[in-house]
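In: 3D, please:
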Amino acid sequence: MSNVHREVLPNPEALAERLADFVVAGLAEAQSRHGDASLVLAGGTTPRAAYMLLAKAPRRNAIDWTRMTLLFGDERCVPPTDAESNYRMAREALLAHVPLPASAILRMRGEAPPLVAAAEYAARIRERFGGSPRFDLVLLGMGPDGHTASLFPGSDPFIDDDALVRAVYAESKQQWRLTMTPSAINGARSIAIALSGSEKAAAYSAVARGEGGASLYPIEAIAPTDGQVTWLVERSVVG
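Out: This is a model prediction of the structure:
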């Protein structure tokens, strides 16, 4: 069963600091255990602030960037130069500032046809991690509607779960997205869910009480059978 831990941080700045330190510690532990580490990045404002901290000393120097693989949990179906691209955000905030080999970055090709891009990314995961990947650390957020990665309310998040990566059309965003499926995420040894903003309070409260179910609040699909989930929550989210 998953082990769930919750921390409340006083403000967005403290949340970003805690998330950055969580990443440093998680990667170091993984590299100590089996020589390398895998990190799945999230999009969003809070992760971006943490990535910017990771790109600077002393945290930058605390990570062995030559012994890791970096992936993306989801992506908008846009070119990597587009302002909405999660890859572009990560590159500008972090990747351009650290000695991470290009071969270690597994980018979702948002510019490709969605179904093609999803199948391609799933194949790359299977090639490197096998059919049941066990990533060391997955970073997630949650929207005010309870979505996580690009798993949105209104449909079963477990559709084609074994595919590892799906193309989904987000009606609320009027946009195609690529997303890892719950099975890909839930295989992780550690999952950090970072939340900031009072607009997420209602969904967080419902999810903490186990209400609604995963079709209403897709974040509830995140429940690894053998891993730890750490909620890092800014105070305005909990009231």
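In: just checking, what packs against whichever helix in the chain runs longest?
Out: With secondary structure taken from DSSP state H, the chain has its longest helix at helix 12-34. Packing partners of helix 12-34 (3 or more C-beta pairs under 8 Å, 6 or more residues apart in numbering; DSSP states H and E): strand 3-9, strand 37-41, helix 45-54, strand 137-140, strand 190-195, strand 228-234. Where C-beta positions appear, they are placed from N, C-alpha and C, glycine not excepted.
In: okay, angle between that helix and strand 37-41 too, please.
Out: 150 degrees (axes from the mean of the first three to the mean of the last three C-alpha atoms, to 10 degrees).
In: what mean pLDDT does helix 12-34 have?
Out: Helix 12-34 shows a mean pLDDT of 97.
In: got the buried residues for it?
Out: Neighbour counts using 16 or more other C-beta atoms under 10 Å place 12, 15-20, 22-24, 26-27, 30-31 of helix 12-34 among the buried residues.
In: same thing with stretch 113-132?
Out: Of the residues in stretch 113-132, 114, 117-122, 124-125, 129 count as buried by neighbour count, 16+ other C-beta under 10 Å.
In: run through who's touching stretch 93-103.
Out: Residues outside stretch 93-103 that contact it (C-beta atoms under 8 Å, 6 or more residues apart in numbering): 48, 51-52, 54-56, 60, 63, 65-66, 68, 70, 105.
In: returning to what we had before: next step: the buried residues of stretch 113-132 restricted to strands.
Out: The strands, defined by DSSP state E, take in nothing from the buried residues of stretch 113-132.
In: list just the nearest of the contacts of stretch 93-103 to Ile219.
Out: Arg48 (19.6 Å; C-beta to C-beta).
In: so who does the closest one touch?
Out: Per C-beta under 8 Å, 6+ apart, neighbours of Arg48: 89, 93.
In: okay, now the unreliable bits of this structure?
Out: In the predicted model, the chain carries pLDDT under 70 at residues 1-2.
In: one more time with 90, if that's ok
Out: 1-2, 155, 170-173, 225, 239 (pLDDT under 90).
In: roughly how far apart are Glu75 and Ser150?
Out: 8 Å (C-beta to C-beta, to the nearest Å).
In: what angle do the longest helix of the chain and strand 3-9 make?
Out: Going by the same axes, to 10 degrees, helix 12-34 makes 150 degrees with strand 3-9.
In: ok, residues contacting helix 12-34?
Out: Contacts for helix 12-34 (C-beta under 8 Å, 6+ apart): 7, 9, 36-39, 45-47, 49-54, 59, 62-64, 67-68, 136-137, 139, 189-190, 192, 194, 196, 230, 232-234.
In: quick one: buried ones out of these?
Out: Looking at the contacts of helix 12-34 with 16+ other C-beta under 10 Å, the buried ones turn out to be 9, 37-39, 46-47, 49-51, 53-54, 59, 63, 68, 136-137, 139, 189-190, 192, 194, 196, 230, 232-234.
In: and for Ser215, the neighbour number?
Out: Neighbourhood size, Ser215 [other C-beta atoms under 10 Å]: 16.
In: make sure it is indeed in a helix.
Out: No - looking at Ser215 with DSSP: H, G, I helix; E, B strand; the rest coil, it is coil, so not inside a helix.
In: leaving out chain neighbours, which residue sits closest to it?
Out: Asp156 (5.6 Å; C-beta to C-beta, 6 or more residues apart in numbering).
In: picking up where we left off before, and the helices and strands packed on helix 12-34 as a markdown table, adding distance to Ala170?
Out: Below are the helices and strands packed on helix 12-34 laid out as a markdown table (distance: least, C-beta to C-beta, whole Å):
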| stretch | distance to Ala170 |
| --- | --- |
| strand 3-9 | 27 |
| strand 37-41 | 19 |
| helix 45-54 | 18 |
| strand 137-140 | 16 |
| strand 190-195 | 19 |
| strand 228-234 | 24 |
